[in-house]
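> Give the three-dimensional model of this entry:
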Amino acid sequence: MKQLFNSEDIERKVLLILKILNDSQKPVGSRVIARMMKDSGLELSERTIRYHLKFMDERGLTRLVGRKDGRVITAVGNEELINARVHDKTGLCISRIDLLAYKTTFDVSKKQGLVPINISFFSPDRLGRVLEGMKPAFKHKLAVCNRIAVAKEGEKLGEVIIPNGKIGLATICSIVINGVLLKNGIPIDSKFGGILQMKKGAPLRFVELIYYSGSSLDPSEIFIRGKMTSVRQVVEKGDGYILANFRELPAASISQVKDILAELKKIGIDGVLSMGGIGDFICQTAVAVNKAGMILIGGLNPVAGAYEQGIDVDNLAMSTVMEFQDMQSVWEM
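Residues are numbered from 1 along each chain as shown. Reported below is the predicted structural model:
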């Protein structure tokens, strides 16, 4: 006998509706939801969507604002959206890296195009403290680039809308290296993000790591929240722990990669801490055959430095892309 209702299918539809409501800054009706779901490859009638919405109202996931105004997502709905279907998120981190690298359109010669960013959220009254807390990391080259962007609630950084009561701050993500090399025909294998021990200002070894292929969260978010960095100590004494990433690239591309990295450095994008030879260990990390290892600076190191000073910050790492020219030097802020 054919099963009339599939719980997995229903849950998938409910979560997509919740995502649509969450991304909207105003109430949304069934007609708009139907159109947006169709854009996502799922076609449902308005009547079917109204059925799901009624069910979601009963579960406390959504709230009816008015028959003409539509629904809004509730706090319970937000929590469900964050926690649900964890098994679907496995490997999401590596997929996100590949997607943002593909979306990167940055042209080194023109100094324009889309670059991948991390977004950090904090209270509006903390902006000054956050900037001052970040500057030492920028000054000591513990960031991918010194360009940042700031947006108030309701405004956008890339595709991300800043939530109510928050300020959003964008920093350039190390995936910009992946993206630029990819546009030049050089594929990079992103292995893991980790905590890198620094000794006398030089990279020594990874002491903690999380493989991208097995994580649904960016490792940097986990390490910052776990208070596992000491960016300020590295700035002041040269010894401590920072965020870093490990990549592998084809041996045949080493010469071309060095040329591209040199061009990036000229315009202020200097995200590479160390690069090894063919098959050589780098920071006590093994490298695959016919590959070269590369250590990239974690784009959230400046934010980690501010967090270490007791400034509460929520991070959305590897979140979206935005135009490089819409960002400005932190020293001009």
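> Could you check the pLDDT of Leu4?
Reported pLDDT at Leu4 in the predicted model: 40.
> Asn83 now?
At Asn83 the predicted local distance difference test score is 72.
> cool, the one 10 residues further on as well?
Model confidence at Cys93, expressed as pLDDT, equals 87.
> same thing with Gly214?
pLDDT, the model's per-residue confidence, is 82 for Gly214.
> likewise the one 5 residues further on?
The predicted local distance difference test score for Pro219 is 93.
> which ones are touching it?
Listed by Cβ atoms under 8 Å, 6 or more residues apart in numbering, the contact partners of Pro219 are Cys93, Phe192, Gly193, Gly194, Leu209, Ile210, Tyr212, Leu243. C-beta: built from backbone N, CA, C; applies to glycine.
> Then Leu273?
The neighbours of Leu273, taking Cβ under 8 Å, 6+ apart as the test, are Leu196, Pro203, Ala244, Ile295, Leu296, Ile297.
> Would you mind listing where the stretch 51-200 of the chain has pLDDT under the threshold?
Along the stretch 51-200 of the chain, the model assigns pLDDT under 70 to residues 84-91.
> Can you show me the strands along it?
Under the criterion DSSP state E, counting those that start in this stretch, the stretch 51-200 of the chain carries strands at the ranges 62-66, 70-73, 114-122, 147-151, 156-157, 160-161, 167-172, 189-199.
> and the helix ranked longest in the chain, what does it pack onto?
The single longest helix within the chain, with elements called by DSSP state H, is helix 7-23. The contact analysis (3 or more Cβ pairs under 8 Å, 6 or more residues apart in numbering; DSSP states H and E) places helix 7-23 against helix 30-39, helix 46-58, strand 62-66, strand 70-73, helix 75-83.
> Of all those, which one is nearest Glu159?
With Cβ to Cβ as the measure, helix 30-39 is the member of the helices and strands packed on helix 7-23 nearest Glu159 (13.9 Å).
> now the closest one and helix 7-23, what's the angle there?
Comparing the axes of helix 30-39 and helix 7-23 via axes from the mean of the first three to the mean of the last three Cα atoms, to 10 degrees yields an angle of 110 degrees.
> list the buried ones in stretch 156-171?
Of the residues in stretch 156-171, Leu157, Gly158, Val160, Ile161, Ile162, Lys166, Ile167, Gly168, Leu169, Ala170, Thr171 count as buried by neighbour count, 16 or more other Cβ atoms under 10 Å.
> how about those in CSV, adding distance to Thr285?
Conversion of these to CSV gives the following (distance: Cβ to Cβ, whole Å):
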residue, distance to Thr285
Leu157, 33
Gly158, 32
Val160, 33
Ile161, 38
Ile162, 37
Lys166, 37
Ile167, 37
Gly168, 34
Leu169, 31
Ala170, 29
Thr171, 25
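> from those residues, which two are the most distant?
Top of the distance list for the buried residues of stretch 156-171 (Cβ to Cβ): Ile161 and Thr171, 18.0 Å.
> in a strand, that's where Lys227 is, yeah?
No. Under DSSP: H, G, I helix; E, B strand; the rest coil, Lys227 falls outside any strand and is assigned coil.
> State the pLDDT value of it.
At Lys227 the predicted local confidence, pLDDT, stands at 94.
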